[in-house]
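Give the three-dimensional model of this entry:
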Amino acid sequence: MTKRFFPFCLALLLVLPGFGQKGKQELKVVFYNVENLFDTIDDPHKNDNEFLPGSDKHWDSGRYLHKLTNLGKVLMAVDSVDLPAVVGFAEVENHEVLDDLIRLTPLNRAPYRVLLVEGPDPRGIDVGMIFRSDKLTYLSHRAVAASTEFNTRNILYVKLLGPAGDTLHLFVNHWKSRSGGEAKTRDKRIENGRLLREVVDSLFALNPRVRILIMGDLNDEPSDESVATALKALPVPKKSLPGNLYNLFYQPFSNGEGTLWYRDWDLFDQIIVSGELLSRKKNHASYIDPPEGAVFKQPWILDPGAASEPVPLRSYDYKRGYLGGFSDHLPVYIVLQYLQ
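Sure thing, here's the model as predicted:
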């Protein structure tokens, strides 16, 4: 080898993956309230009559498949380079509808696994999750009661092992709605937040540096009592501390962003994390960068016929009927980084 050729080879090796530098693996974590993802089969144990072929909505296999296709398009667009590693869902009827979503859409390109525990919600809607088994390893999952006073959606608690061997504790939520009025339902959402905080505190008691990731439709803003006081989810500081929860959507909320429209934009869909996930120390296995959540808002998932400004294009509108859209919520996501 000549003296001139050796420096060239050395420089080439330094820019190749695995030589002379560390890379990053990015995993996108998404939450999406998909607005009434029901199948077309009558379940005698659920109030699903609104979503059957003979109902006023004429919810047949064609409309069901169209809804699945639309949701698949959104999730593929949220991560156009790779498919999301984790997606938490609200308003899904059962395990089967998520099976259909990953089987009948281009999401079938990735080895997703479905997690869902049937809950006591009177409408028969639940929270669920899909995750990529080629990116994350399953450890366990179970339901956590979100209330001791009334029937509502359970919280789905999932433990996954990350690529660097770090354990992630994920909680998927759908808190009490504001139906009947915000003030009249406020205490129920405060209870939702308080009970979740009790579980979080039990994890912090064992390890203040535990990696916790909470996602969901909380039906409250980041500054409301249920989130800021009961759950104790704080704005992201310049320096995070172990044993605290930080709301990655506090700043987007302060900027006027939203995920659903009712007279104005509300930001009910949020992702909240423990301080350990905001640490950028090189010896930490995983961290979130940028340390802020994002709302996926593209013109093609908005309703151009809305009377107000363009809002999420939903499947049904109470006045205009079937619209063939996506959901009345926009999805939110964060980027989880791993050093390789």
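
C-alpha from now on. contacts and neighbour counts both.
OK.

Run through the bridge partners of Ile212.
According to DSSP bridges, the partner residues bridging Ile212 are His169.

Name all residues that make contact with it.
Applying CA atoms under 8 Å, 6 or more residues apart in numbering, we find Ile212 in contact with 168-171, 200, 273-274, 277.

Go again with 10 Å.
159, 167-171, 200, 203-204, 244-245, 272-277 (CA atoms under 10 Å, 6 or more residues apart in numbering).

Run through the neighbouring helices and strands of the host helix or strand of Glu198.
According to DSSP states H and E, Glu198 maps onto helix 182-206. Applying 3 or more CA pairs under 10 Å, 6 or more residues apart in numbering; DSSP states H and E, one finds that helix 182-206 contacts strand 137-144, strand 155-161, strand 167-174, strand 211-217, helix 225.

packing partners for the shortest one?
Contacting helix 225 under the criterion 3+ CA pairs under 10 Å, 6+ apart are the following elements: helix 182-206.

okay, the helices and strands packed on helix 182-206 in TSV with distance to Asn255 next?
Listed next are the helices and strands packed on helix 182-206 as TSV, based on distance: least, CA to CA, whole Å:
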stretch	distance to Asn255
strand 137-144	33
strand 155-161	29
strand 167-174	24
strand 211-217	19
helix 225	19
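
Minimum distance to Gly305: which of the ones you listed has it?
strand 211-217 (25.2 Å; CA to CA).

Export that closest one to CSV, keeping only CA atoms.
Extracted in CSV, the C-alpha atoms of strand 211-217 (Å, rounded to 0.1, in the frame of the first residue of the first chain):
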residue,chain,number,x,y,z
ARG,A,211,-38.2,5.6,32.2
ILE,A,212,-41.9,6.4,32.1
LEU,A,213,-43.9,7.4,29.1
ILE,A,214,-47.5,8.4,29.5
MET,A,215,-49.7,9.1,26.4
GLY,A,216,-53.4,9.7,25.9
ASP,A,217,-56.5,11.7,25.3
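
Moving along the chain from that strand, name the first helix or strand you hit.
helix 225.

what about that following helix, distance to the chain center?
21 Å (CA atoms, centre = their mean, to the nearest Å).

what mean pLDDT does that helix have?
The average pLDDT within helix 225 is 98.

returning to that earlier point: average pLDDT across the helix holding Glu198?
In this model, helix 182-206 carries a mean pLDDT of 98.

got the buried residues for that helix?
Neighbour counts over helix 182-206 (16 or more other CA atoms under 10 Å) mark 186, 188-197, 200-201, 203-204 as buried.

how about Val120, what does it touch?
One thing to correct before we go on: residue 120 is Pro, not Val. 46, 126, 145, 150-154.
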